[in-house]
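1. Give me coordinates for this.
(one chain, ligands or ions: 1)
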Amino acid sequence: MKFFIDTANLEQIREAYDLGVLDGVTTNPSLMAKEGIKGVQNQRDHYVKICEIVKGDVSAEVIATDYEGMIREGEELAALNPHIVVKVPCIADGIKAIKHFTAKGIRTNCTLVFSKGQALLAAKAGATYVSPFVGRLDDISEDGIALVADIVEMYRYYGYETQVLAASIRHTKHIVECVEVGADVATCPLSAIKGLLNHPLTDSGLKKFLEDYKKVNG
Ligand code: G3P
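-> Below you'll find the model as predicted:
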């Protein structure tokens, strides 16, 4: 399973990259706003900086919600760097835009997906990635991981090549559950990625190894 980090924070992206396990980055307008990145040019410069750190897929989301606007913006974003994946919301004009981008060889991430039907449309339009939002479904007492599992099963049954990118991952257990249901990618906060490392038996085992080493070697 590929690991993406879900942030626009350059320090966190560098830290995850330095860990040696990072395959890409996803951003969205809220994450860009959180970093205080204002204005079209600054935002585009920021995407390029992210691409230079990661050298893997970097999702950059269109702001337009109409077909022509999405096409214009998506083509500009894709031209910034070969690693850019154009992120498009799962609305009617978005599905049409994904079809257009697919025909032009521009890779896409269909975002804000909350149902199997939406995921079906994204795959039929040729999206590179589909992003079911796990945490936001859990927030309303639905089962986000069950949706990821259903989409994986549907894509395998029909042979769709769209990769299932589990998004809105909130914690380490979500990542492990994504593995269990066969998600292609999980995009996670840095805290959830680092959380995978934690185990008290690792800490106590390492402490004992070092103590025993010192007993003999001083
Ligand atoms: O990738 C989508 C993600 O950023 C949404 O996460 O935590 O705002 O639901 P969250």
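2. C-alpha from now on. contacts and neighbour counts both.
-> Fine.
3. which ones are touching whichever residue of the chain sits closest to the ligand?
-> The ligand sits closest to Ser168 of the chain, with a gap of 3.4 Å, by C-alpha to the nearest ligand atom. Contact analysis of Ser168 by C-alpha atoms under 8 Å, 6 or more residues apart in numbering lists 132-136, 187-188.
4. and Ala166, what element?
-> strand 163-166 (DSSP states H and E).
5. how about that strand as PDB, C-alpha atoms only?
-> Extracted in PDB, the C-alpha atoms of strand 163-166 (Å, rounded to 0.1, in the frame of the first residue of the first chain):
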ATOM      1  CA  GLN A 163      -6.700   3.300  -7.400                       C
ATOM      2  CA  VAL A 164      -8.500   3.500  -4.100                       C
ATOM      3  CA  LEU A 165      -7.000   6.300  -2.100                       C
ATOM      4  CA  ALA A 166      -8.400   6.300   1.400                       C
END
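6. Among the contacts of Ser168, which lie within helices?
-> Within the contacts of Ser168, residues falling in helices by DSSP state H are 134-136.
7. just these that are near the ligand?
-> Counting by C-alpha under 6 Å from any ligand atom, 135-136 from the ones in helices among the contacts of Ser168 sit close to the ligand.
8. So which of the ones in helices among the contacts of Ser168 wins on neighbours?
-> Among the ones in helices among the contacts of Ser168, the one with the most neighbours (other C-alpha atoms under 10 Å) is Val134, at 24 neighbours.
9. For that one, give its distance to Arg107.
-> Plainly put, Val134 is 22 Å away from Arg107 if you go by C-alpha to C-alpha, to the nearest Å.
10. on contacts alone, who are the packing partners of the helix or strand where Asn109 lies?
-> Element membership of Asn109 [criterion: DSSP H and E] is strand 108-113. With contacts taken as 3 or more C-alpha pairs under 8 Å, 6 or more residues apart in numbering; DSSP states H and E, strand 108-113 sits against strand 84-89, helix 92-103, strand 129-132.
11. Now tabulate those in JSON lines and tack on distance to Arg156.
-> As requested, the helices and strands packed on strand 108-113 are arranged in JSON lines below (distance: least, C-alpha to C-alpha, whole Å):
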{"stretch": "strand 84-89", "distance to Arg156": "23"}
{"stretch": "helix 92-103", "distance to Arg156": "20"}
{"stretch": "strand 129-132", "distance to Arg156": "14"}
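12. Can you add mean neighbour count and give those back as TSV?
-> Below are the helices and strands packed on strand 108-113 laid out as TSV (neighbours: other C-alpha atoms under 10 Å):
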stretch	mean neighbour count
strand 84-89	28
helix 92-103	20
strand 129-132	28
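13. among these, which is nearest Val25?
-> Nearest to Val25 among these is strand 84-89; the distance by C-alpha to C-alpha comes to 9.6 Å.
14. Tell me which residues touch the residue nearest the centre of the chain, please.
-> Centroid-nearest residue in the chain: Thr187, 3.4 Å away (criterion: C-alpha atoms, centre = their mean). By C-alpha under 8 Å, 6+ apart, the contact list for Thr187 reads 3-6, 25-26, 165-169.
15. Next one: the strand holding Ala166, is it in contact with the ligand?
-> No: judged by C-alpha under 6 Å from any ligand atom, strand 163-166 and the ligand are separated, with a smallest distance of 7.9 Å.
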